[in-house]
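K.L.:
Prediction below, plus the sequence it came from.
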Amino acid sequence: MADEQKKLLQQIEHLLETENMLALRKLLSDQRSSDIAEIIELVDNKERRAIFDVMDKPISAEVLEKVDEATRAELFELLEDEELTSLVSELDPDDAADILSELSEEERAELLQNISPSESAEIKELMSYSEDSAGGIMDPIVISVSEDATVGEAVSKIRAAEIDEDFFSVYVVNNTGRFLGDVRLRFLLTRPEITKIGNLIDPDTIYVNDDTDQEEVRNIFSKNDLIVVPVLDANHKLVGRITADRVIEVAEEEAAEDLYTMAGTDPDELDNVSIFHAARVRMTWLLPCLIGTLITALVLMCFHNIFDFENILFVYTAAIFFVPMIAAISGNAGLQTSTIVVSGLATGHLAALKLSQVFSRETRIALLVALSCAFIGGTICAVFIIISKNHADTERALSTLRLVFAFGTAMFSAIMVATTLGLFLPFLFRRIGIDPAISSGPLVTTANDSISVTIYMSLTLLLAT
């Protein structure tokens, strides 16, 4: 926590302890809502209740919107129904829709009944869109004018509009409401008032459809350095806009989701402060991994029975020592490849979208990595076996050489197989509609362990006996 935040927290706690609510009200009125939200996340419910009691309603609404989901879930329980309704009414429709989506259907319906019909209709319209789509993250409040309007009429409409957020252009529609393009504000300030808006339209205005995935929206903003983009429905009619600040939030959400998925957990873990809830979410991922490791153990048990004949059990004993190395190195090599591919797919880089180009690059890298690890690993294997004196006789010495050769070959093969999985699985998951980040998660890496161990023991049996 920054020094300023620590100082603010200490001031708030002191005023709460001394019950100096007037001073607390004045202190909070001078703070940013984002700073207050951070404090709300740190204090207990009793202190939260006192803070919300002294804050003005608009600030309280902003704080409710800015706290994390786990804290907001506690605030839902803490705030009275009437109070929550009034706070939601203070928010923009898109922010209100985001908050209401975290409530149960019954609570949501009850709250919507208690706000004005016009606000309720806007919120319901936004909530009808997919949460991860452009429609789900857009702001429905826009300023649009007819193509027949003049610059003077457009400026008058801007002045009369009740909008409390910055805007950077005026959208133009035809007589049927179809979107034609936008006109930048600088043209409204520099052109004569009698100039027709239709003559100033930028026909190449970039737009997104209301069903466009939010990740694609983020990539469009990034590639084109946009500040705002209009959102159109299936009939090419203007339904809202998305601003850069909302896209920053989306980017953070998408990055967090990928990290959670790759780590083998879920963003739902943060929706609740309960440690039991978090443990349940993590075990949902870990239990399949436990089954995967059981499969690896079964593979080793099967090979133990195969090796237990003609006095070659010592080969199995020597080979088993290097199973963790094979599994770890090949697994991490595959993880590196899948992470690179997942990152490229997430950012929308064209090079990452072309499988042939990615395959050519990653295969050459994998060959170099596999050869290096095979040589270094084989050398380590030989040194360890020599130190352990398993080469006491000529027969065992030959078996040792064959085991070292089998280890190096297996290391090379396991890395190439793991890299191939790490390369193709993200594309496969993306095609069938599954988050590609899962290909970097523990489920896939656990499966890769079983595959690499099977390859290693099979080659050991084939080459070292």
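P.N.:
Sure thing, it's come through. Residues are numbered from 1 along each chain as shown.
K.L.:
Could you list the low-pLDDT ranges of the stretch 301-450 of the chain?
P.N.:
307-315, 346-355, 385, 388-399, 437-443 (pLDDT under 70).
K.L.:
Leu24 touches Ile12, doesn't it?
P.N.:
Yes: counting by C-beta atoms under 8 Å, Leu24 does reach Ile12; the two are 6.7 Å apart. For every residue, glycine as well, the C-beta is placed using N, CA and C.
K.L.:
Report the rounded mean pLDDT for stretch 101-117.
P.N.:
Throughout stretch 101-117, pLDDT has a mean value of 85.
K.L.:
ditto for stretch 235-243
P.N.:
Rounded mean pLDDT across stretch 235-243 is 90.
K.L.:
just to revisit the earlier point, so for Leu24 and Ile12, which residues contact both of them?
P.N.:
Ile51 (C-beta atoms under 8 Å, 6 or more residues apart in numbering).
K.L.:
Look up how far Arg72 lies from His14.
P.N.:
Computed with C-beta to C-beta, to the nearest Å, the distance linking His14 and Arg72 is 26 Å.
K.L.:
Give the residue from these two that has the larger number of neighbours.
P.N.:
Each of His14 and Arg72 has its neighbours counted (other C-beta atoms under 10 Å); Arg72 has more, 20 against 12.
K.L.:
Okay, buried residues for the helix or strand where the more buried one lies please.
P.N.:
Taking DSSP states H and E as the criterion, Arg72 maps to helix 69-78. Buried positions in helix 69-78, judged by neighbour count with 16 or more other C-beta atoms under 10 Å: Ala70, Thr71, Arg72, Ala73, Glu74, Leu75, Phe76.
K.L.:
before we move on, what about stretch 206-221?
P.N.:
For stretch 206-221, burial by neighbour count (16+ other C-beta under 10 Å) applies to Tyr207, Val208, Asn209, Asp210, Thr212, Gln214, Glu215, Val217, Arg218, Asn219, Ile220, Phe221.
K.L.:
got the residue ranges for the helices in the stretch 1-150 of the chain?
P.N.:
Assigned by DSSP state H, counting those that start in this stretch, the helices in the stretch 1-150 of the chain fall at 3-17, 21-29, 33-42, 45-54, 57-66, 69-78, 81-90, 93-100, 105-113, 117-127, 134-137.
K.L.:
Name the stretch among the ones you listed that sits most buried.
P.N.:
Stretch with highest mean neighbour count among these: helix 134-137 (a mean of 25; mean count of other C-beta atoms under 10 Å).
K.L.:
what residues does it touch?
P.N.:
If you take C-beta under 8 Å, 6+ apart as the criterion, helix 134-137 is touched by 94, 97, 126, 128-130, 208-214, 217, 231, 239-240, 242, 246, 250.
K.L.:
Quick check: strands, which of those residues are part of them?
P.N.:
Val208, Asn209, Val231, Val239, Gly240, Ile242 (DSSP state E).
K.L.:
want to throw those residues into CSV with distance to Pro192?
P.N.:
Shown next, in CSV, are the ones in strands among the contacts of helix 134-137 (distance: C-beta to C-beta, whole Å):
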residue, distance to Pro192
Val208, 33
Asn209, 35
Val231, 31
Val239, 32
Gly240, 31
Ile242, 32
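K.L.:
closest to Asp225 among the residues you listed?
P.N.:
Ile242 (14.5 Å; C-beta to C-beta).
K.L.:
got a list of what the residue lying closest to Leu462 once chain neighbours are set aside touches?
P.N.:
Nearest residue to Leu462, sequence neighbours excluded (C-beta to C-beta, 6 or more residues apart in numbering): Ala406, at 7.4 Å. Contact analysis of Ala406 by C-beta under 8 Å, 6+ apart lists Ala319, Tyr456, Leu459, Thr460, Leu462, Leu463, Ala464.
K.L.:
which among those residues end up buried?
P.N.:
Among these, those classed as buried by 16+ other C-beta under 10 Å are Ala319, Tyr456, Leu459, Thr460, Leu463, Ala464.
K.L.:
JSON lines for these, including distance to Ala278 and secondary structure?
P.N.:
Converted to JSON lines, the buried ones among the contacts of Ala406 look like this (distance: C-beta to C-beta, whole Å; DSSP: H, G, I helix; E, B strand; the rest coil):
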{"residue": "Ala319", "distance to Ala278": "39", "secondary structure": "helix"}
{"residue": "Tyr456", "distance to Ala278": "36", "secondary structure": "helix"}
{"residue": "Leu459", "distance to Ala278": "41", "secondary structure": "helix"}
{"residue": "Thr460", "distance to Ala278": "41", "secondary structure": "helix"}
{"residue": "Leu463", "distance to Ala278": "46", "secondary structure": "helix"}
{"residue": "Ala464", "distance to Ala278": "46", "secondary structure": "coil"}
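K.L.:
With respect to Met283, which of those residues is nearest?
P.N.:
Nearest to Met283 among the buried ones among the contacts of Ala406: Tyr456, at 29.6 Å, using C-beta to C-beta.
K.L.:
Spatially, which two of the contacts of Ala406 are the most separated?
P.N.:
Spanning the widest gap among those are Ala319 and Leu462, at 12.0 Å by C-beta to C-beta.
K.L.:
Does Ile115 touch Ser89 like I think?
P.N.:
Yes: Ile115 sits in contact with Ser89 when judged by C-beta under 8 Å, with a separation of 5.1 Å.
K.L.:
Which segments of the protein make up each domain?
P.N.:
Per automatic domain parsing, the structural domains of the chain span 3-129, 144-244, 269-463.
K.L.:
possible to save these as JSON lines with distance to Met138?
P.N.:
Output for the domains of the chain, formatted as JSON lines (distance: least, C-beta to C-beta, whole Å):
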{"stretch": "domain 3-129", "distance to Met138": "6"}
{"stretch": "domain 144-244", "distance to Met138": "4"}
{"stretch": "domain 269-463", "distance to Met138": "19"}
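K.L.:
among the ones you listed, which is nearest Glu254?
P.N.:
Per C-beta to C-beta, nearest to Glu254 of the domains of the chain: domain 144-244, 5.5 Å.
K.L.:
From the opening residue of that closest one to its closing one, how far?
P.N.:
Using C-alpha to C-alpha, to the nearest Å, the end-to-end distance of domain 144-244 comes to 19 Å.
K.L.:
Centre of the chain to that domain, how far?
P.N.:
Relative to its chain's centre, domain 144-244 lies at 29 Å (C-alpha atoms, centre = their mean, to the nearest Å).
K.L.:
got it, and stretch 244-255?
P.N.:
A distance of 9 Å separates the centroid of the chain from that of stretch 244-255, by C-alpha atoms, centre = their mean.
K.L.:
which other residues reach that stretch?
P.N.:
Under the contact criterion C-beta under 8 Å, 6+ apart, stretch 244-255 has outside partners 94, 137-139, 214-215, 217-218, 221, 226-228, 267, 346.
K.L.:
What's the separation between the closest residue in space to Phe303 that isn't next to it in sequence and Thr420?
P.N.:
With C-beta to C-beta, 6+ apart as the criterion, Phe303 has its nearest non-adjacent residue at 4.4 Å, and that residue is Met457. From Met457 across to Thr420, the span is 20 Å (C-beta to C-beta).
K.L.:
The two: which has the busier surroundings?
P.N.:
Neighbours per residue (other C-beta under 10 Å) separate Met457 from Thr420, with Met457 holding more: 24 against 16.
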